[in-house]
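A.B. asks: With the sequence up front, the predicted model follows.
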Amino acid sequence: MRSETVSSQVTVVGGGLSGVCAAIAAARLGQTVALVNNRSVLGGNSSSEVRVWVCGATGHGTHRYARETGIMGELFVENQYRNKDGNPYFWDMVVHEAVRAEPNIQLFLNTDVHEVEADREEDERTIRSVTGWMMGSERRIRFESQVYLDCTGDGLVGFLAGAKYRLGREAREEFNEDWAPLVADDITLGSTLLFYTKDVGHPVKFTPPSTAIDVMKTTIPERRIIRSGDNGCAYWWIEWGGEHDIVHDNERIRDELWSVIYGIWDYIKNSGKFDAENMTLEWVGSVPGKREYRRFVGDYVLNQNDILAQREFEDRVAFGGWSIDLHPPQGVYASESGSKHLFMDGNYHIPFRSLYSANVNNLLMAGRDISASHVAFGTTRVMATCAVIGEAAGTGAALCSAKGVTPRELHANHLRELQQTMLRQDASIIGLRSDDKDDLARLAAVAASSERSRFAVERSAGAMALETDIGISMPVDPVLDGIEVLVDASAMATLTVELWDTGRPENYVPKSKITEVSVPVAAGGLQWVKLDLVWRPESAQNAFLIVKANDSLALHMDDRPTTGMLAYWKGDKPHVSPDLEEHQPDQPVVQWSRRKLDGQAPCIRLSTPTSAFAADKATDGYLRPYGGPHLWSSDRMIPGRPEWLELAWEMPVAFRQVHLVFNDDVNVDLINLHHHITPLEAMPTLIKDYRVEARVDGNWTTIAENRDNHKRKHVHTLDAAVAADRLRVVADSSNGSDYAEIIEVRVYA
């Protein structure tokens, strides 16, 4: 046996997406990081060992402009470019390479941490080291750091250090949560195994193992959806163990899940009810994908009411949007639906106080073990949300290490720096505005070759009958003073359009009705109908228009999306069986669905110019849509005529670093595996070919350039400082959009 000690400034235990993002975040801020994982691949439940697809705030299209940015966003976009068909092994490599690209990270795979040395004062504990065994290498490794992150999912490190934790469901009265049980218990969500099938082109027999269950003796055929040819993502409901100890009974749970899988496959292959003669099992998981175990207690316990109210925490450092998604304890054998879902009106916020231990002063946590009630955990547990929490915790750990403070002290004395650091890294925070005093772009006047001041969608790919109300969200900046819509009328009719606000800047559902206008429309096609809708809000925000149903009218649609505007179909039913998932159809985000109109734009034009895409939006401090798109957009691009965005200073400034954030359309729902496929490799809204120019002593010179870009953020670090009074980002082409769009430009000395 070989014993060794690894010293680093931060140790991250757990190589799921929360641990990966935490390690990368800390490493990019200059800290040395040991990333320790007990499996041979990174990615946790999303890896090729388990193959759970990465869900997040989009809720598979339920929420708008909700896809994560920051490190998780980078992984999504890179995987889309390399692996849009969802090969799980290619996804492994996307995650692995992201870690290997950081020189400050030492990666330890196959290393199972099972010892923790910590001071034992009850309310003021400190971890001194953690020790693990590297399987296959016979190495006993002791990890010493100033700060530790428990990203293990099960919460083993914090547990061994004596961190306060919860296990099971709280009583309803503790947090006044409607979805909590009346009496507290130790029930958790269960674990899942997935499987893949393959059509081999010739008959394949299947002889079930002796352990396979007879599904006809269970409620499975009645209460679950079984089809031949479904991929593993469709069988998330093969779940069991919620009434057992998910960790200590892990082997028993795996065996039971194997029995279920082979029983279901026996039913598909041998019952005669399915067209499955040529199909075989290509892969069956052997590592149960756990959903829930310990949840640590931090200085704040996130709860159901915070989620539904979208509470705007002062210390918010991440966001989520997946529904509160709870499953019956009996799992696959339950007689009720496999899950029940409760959505909030828009994305919710996660506070930093839920990411560090209440009694272990150098422990942060990220992933499914953060400080949340069981009900709130029902939404924070999904992997893309765990990942953005990981980036927040990793950023906090880096600052704690650099400053020599505890996470609680960081919250008390350096909260603004934490948040501003995260914004500088393009992290997933909503509604916070950057005011980085070191950003020289904040001191510049901003101009552009052109601006998209005329907001209009005039190209029609066809008309859609107004058989139900259609919603349209779009920016009002600064005023709305009339619109026109393109319609067909089969007979004389009345077109009615209502104008609503959205309540909160991060929401895209109607909240309060402002006014409505009705106009007569003569029979005929391709008519631009003017409606005198007028609104002068106190600040720029989104409007929600409701085009009322009318059997005699049809609204023209473009078959391409347009930045800043979305369309919704009212009353769309959940796309799954109620036997499988229980939804709340009266919730606004469920009622106003964008799935049917995804990627389309209603033919509409504003009567007056808009400032929603002005050049100075690229330095307004917002990195995500928030009451408007918050980006610069050029006018329509013309081949051979580059579009540019320019920063101008009264006197030359010296700089060495330029940060550029391009529009990767966070409304598009990307996925790592094959739950669904988004066909485009690169987001069309991203600038493809560009160069950065500086005016030095009156002469323009190219200081950086990029060709075939498919990424959202680039940091260009120059070999030597440049003193210039002008800086331009010149866009030669996009990845398919008609416009050049830039979310943010930052400049640093």
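C.D. replies: The structure has been received and is ready for your questions.

A.B. asks: Please spell out which residues along the strand or helix carrying V113 are buried.
C.D. replies: V113 is part of strand 111-118 when elements are defined by DSSP states H and E. Buried residues in strand 111-118, counting neighbours by 16 or more other Cβ atoms under 10 Å, are found at 111, 113, 116, 118. All C-beta spots, glycine's among them, are computed from the backbone N, C-alpha and C.

A.B. asks: Pipe these into TSV and attach distance to Y508 per row.
C.D. replies: Formatted as TSV, the buried residues of strand 111-118 follow (distance: Cβ to Cβ, whole Å):
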residue	distance to Y508
T111	44
V113	43
V116	45
A118	46
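
A.B. asks: still on that earlier bit, now do the strand holding V113: everything it contacts.
C.D. replies: Strand 111-118 has contacts (Cβ atoms under 8 Å, 6 or more residues apart in numbering) with 13, 36-38, 125-135, 139, 141, 143, 152, 156-157, 160-162, 360.

A.B. asks: returning to that earlier point: out of the buried residues of strand 111-118, who's nearest D186?
C.D. replies: D186 has its nearest neighbour among the buried residues of strand 111-118 in V116, at 23.6 Å by Cβ to Cβ.

A.B. asks: Excluding chain neighbours, what is closest to the closest one?
C.D. replies: In this structure, V116 finds its nearest non-sequential neighbour in L160, 3.7 Å apart by Cβ to Cβ, 6 or more residues apart in numbering.

A.B. asks: May I have the secondary structure class of the one you found?
C.D. replies: Classification of L160 using DSSP: H, G, I helix; E, B strand; the rest coil returns helix.

A.B. asks: Strands of the stretch 451-600 of the chain, start to end?
C.D. replies: Secondary structure of the stretch 451-600 of the chain (DSSP state E, counting those that start in this stretch): strands at 463-466, 470-476, 480-489, 493-501, 512-521, 524-535, 541-547, 550-558, 566-570, 581-582, 592-593.

A.B. asks: which stretch among those strands comes nearest A384?
C.D. replies: Ranking those by proximity to A384 (Cβ to Cβ) places strand 581-582 first, at 19.2 Å.

A.B. asks: which helices and strands does the closest one pack with?
C.D. replies: strand 339-342 (3 or more Cβ pairs under 8 Å, 6 or more residues apart in numbering; DSSP states H and E).

A.B. asks: Can you list the neighbours in contact with the strand it packs on?
C.D. replies: Residues contacting strand 339-342 (Cβ under 8 Å, 6+ apart): 179, 237, 308, 323-327, 580-584, 587.

A.B. asks: if we can go back for a sec, what two of the buried residues of strand 111-118 have the greatest distance between them?
C.D. replies: For the buried residues of strand 111-118, and using Cβ to Cβ, no pair is farther apart than T111 and A118, which are 19.1 Å apart.

A.B. asks: Beyond the lowest-mean-pLDDT helix or strand in the chain, next helix or strand please.
C.D. replies: None of the helices or strands of the chain scores lower by mean pLDDT, DSSP states H and E than helix 220-223, at a mean of 86. Once the chain leaves helix 220-223, the next helix or strand it forms, by DSSP H and E, is strand 239-240.

A.B. asks: Helix or strand next in line after that following strand, which one?
C.D. replies: helix 250-270.

A.B. asks: list the buried ones in the next helix or strand after that next one?
C.D. replies: Downstream of helix 250-270, the first helix or strand assigned by DSSP H and E is strand 279-284. Neighbour-count burial for strand 279-284 flags 279-281 (criterion: 16+ other Cβ under 10 Å).

A.B. asks: Show me which of those is closest to N550.
C.D. replies: M279 (47.6 Å).

A.B. asks: Beta-bridge partners for the closest one, please?
C.D. replies: D199 (DSSP bridges).

A.B. asks: how much space between it and T207?
C.D. replies: Using Cβ to Cβ, to the nearest Å, M279 is found at 15 Å from T207.

A.B. asks: again, but for R82
C.D. replies: 39 Å.

A.B. asks: ditto for S450
C.D. replies: 69 Å.

A.B. asks: Looks to me like E97 is in a strand.
C.D. replies: No - in this structure, E97 is helix, not part of a strand, as judged by three-state DSSP.

A.B. asks: what's the neighbour count on it?
C.D. replies: By other Cβ atoms under 10 Å, 12 other residues sit near E97.

A.B. asks: Tell me which residues touch the residue lying closest to R433 once chain neighbours are set aside, please.
C.D. replies: Of all residues not flanking R433 in the chain, G621 sits nearest, at 3.8 Å (Cβ to Cβ, 6+ apart). By Cβ under 8 Å, 6+ apart, G621 lies in contact with 423, 433-435.
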